[in-house]
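> from the sequence below, what's the structure:
(chains A and B)
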Number of protein chains: 2
Amino acid sequence: MSSRVDSINKIIRDFETVPGVEGAALVSADGLMISSALPEIEQEMVAAISAAMLSLGEKATNELNRGNLLEIYVKSDRGYTLLTAVGENALFLVLAKAESQIGLIFMDMKRMAESLIKIL
Amino acid sequence: MSSRVDSINKIIRDFETVPGVEGAALVSADGLMISSALPEIEQEMVAAISAAMLSLGEKATNELNRGNLLEIYVKSDRGYTLLTAVGENALFLVLAKAESQIGLIFMDMKRMAESLIKIL
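As a prediction, this is how the structure comes out:
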């Protein structure tokens, strides 16, 4: 029987097979990496920045009376960085190519977040 | 002859006529409101949060080797908060309805940012 950690790692690794996706990670709301399938980058820094962005995004939507935060995307000339909350204690980070179908990837992220909430 | 401030205010106010747009603001990179046509909200707080988000977005794209930041969107259940840099010293914030054509609004924001850079 696989452990909880194995199940989480499998979900994160499997997400890399979604078309356009270059990497994925699960990060705790306080900025620590839980599971990562990201290219060679500074993992700790990315986890901390992601958590801070989600927290600021939530603050912004609160201040602007825009209800609950659903997703954040950061577009840059080499692709997208996508963030979505996983319950109240974690977030799901995905890197996608510049020419990706972002709407489809966000739909998959939502489904994935629901599976992860059950495990966490 | 209209002053520089009047020209900026006019551009920001005019942006409210773009379909789906509920409000717009020009914020300095250090988080101060330059010109605002936002609904009744805590203006100073929103300016500060927007600047912090853009700065974090730039940090994230750097760490993730994703080139230059182009745009950020925060989707919540009552609509979108859109951010784009205006040169190196300012950012353009737009609030849009949930059912908006975000791609079109971002195109208009880019055009607007180019006009604003010339004035700033």
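> tell me the residues of chain A that contact chain B?
Counting by CB under 8 Å from any CB of the partner chain, the positions of chain A adjacent to chain B are A:39, A:41-42, A:45-46, A:49-50, A:52-53, A:56-57, A:59-61, A:63-79, A:81, A:95. All C-beta spots, glycine's among them, are computed from the backbone N, C-alpha and C.
> and these, which are buried?
Neighbour counting with 16 or more other CB atoms under 10 Å in any protein chain shown marks A:41, A:46, A:49-50, A:52-53, A:56-57, A:59-61, A:63-64, A:66, A:69-76, A:79, A:81, A:95 as buried within these.
> list the buried residues for the helix or strand where A:K118 lies?
Assessed by DSSP states H and E, A:K118 sits inside helix A:102-119. Neighbour counts over helix A:102-119 (16+ other CB under 10 Å) mark A:I102, A:I105, A:F106, A:M109, A:M112, A:A113, A:L116 as buried.
> keeping just the C-alphas, turn the top helix by length along chain A into CSV.
For chain A, the helix with the greatest residue count under DSSP state H is helix A:43-63. Provided in CSV are the C-alpha atoms of helix A:43-63 (Å, rounded to 0.1, in the frame of the first residue of the first chain):
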residue,chain,number,x,y,z
GLN,A,43,12.9,25.2,-5.0
GLU,A,44,12.8,26.8,-1.6
MET,A,45,12.7,30.3,-3.1
VAL,A,46,9.9,29.4,-5.5
ALA,A,47,7.9,27.8,-2.7
ALA,A,48,8.2,30.9,-0.6
ILE,A,49,7.4,33.3,-3.4
SER,A,50,4.3,31.3,-4.5
ALA,A,51,2.9,31.3,-1.0
ALA,A,52,3.4,35.0,-0.7
MET,A,53,1.8,35.7,-4.0
LEU,A,54,-1.3,33.6,-3.1
SER,A,55,-1.5,35.4,0.2
LEU,A,56,-1.3,38.8,-1.5
GLY,A,57,-3.8,37.7,-4.1
GLU,A,58,-6.2,36.8,-1.3
LYS,A,59,-5.6,40.2,0.3
ALA,A,60,-6.2,42.0,-3.0
THR,A,61,-9.5,40.2,-3.7
ASN,A,62,-10.7,40.9,-0.1
GLU,A,63,-9.8,44.6,-0.3
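> that one vs helix B:43-63, what angle?
160 degrees (axes from the mean of the first three to the mean of the last three CA atoms, to 10 degrees).
> helix A:43-63 packs against which elements?
strand A:21-28, strand A:33-37, strand A:69-76, strand A:79-86, strand A:90-96, helix B:43-63, strand B:69-76, strand B:79-86 (3 or more CB pairs under 8 Å, 6 or more residues apart in numbering or on different chains; DSSP states H and E).
> can you tell which of those is closest to B:A24?
Checking the helices and strands packed on helix A:43-63 against B:A24 by CB to CB gives strand B:79-86 as the closest, at 9.3 Å.
> nearest to B:S28, of the buried residues of helix A:102-119?
Nearest member of the buried residues of helix A:102-119 to B:S28, counting by CB to CB, is A:I102, at 29.3 Å.
> need the contact partners of stretch A:54-64.
With contacts defined as CB atoms under 8 Å, 6 or more residues apart in numbering or on different chains, stretch A:54-64 is touched by A:29, A:66-69, A:72, A:83, A:85, A:91, B:41-42, B:45-46, B:49-50, B:52-53, B:56, B:74, B:76, B:81, B:95.
> repeat the analysis, applying 7 Å as the threshold.
A:67, A:69, A:72, A:83, A:85, A:91, B:41-42, B:45-46, B:49-50, B:52-53, B:56, B:74, B:76, B:81, B:95 (CB atoms under 7 Å, 6 or more residues apart in numbering or on different chains).
> likewise for stretch A:112-120?
A:R4, A:S7, A:I8, A:I11, A:F15, A:L26, A:T84, A:V86, A:G87, A:N89, A:A90, A:F92.
> thank you, goodbye.
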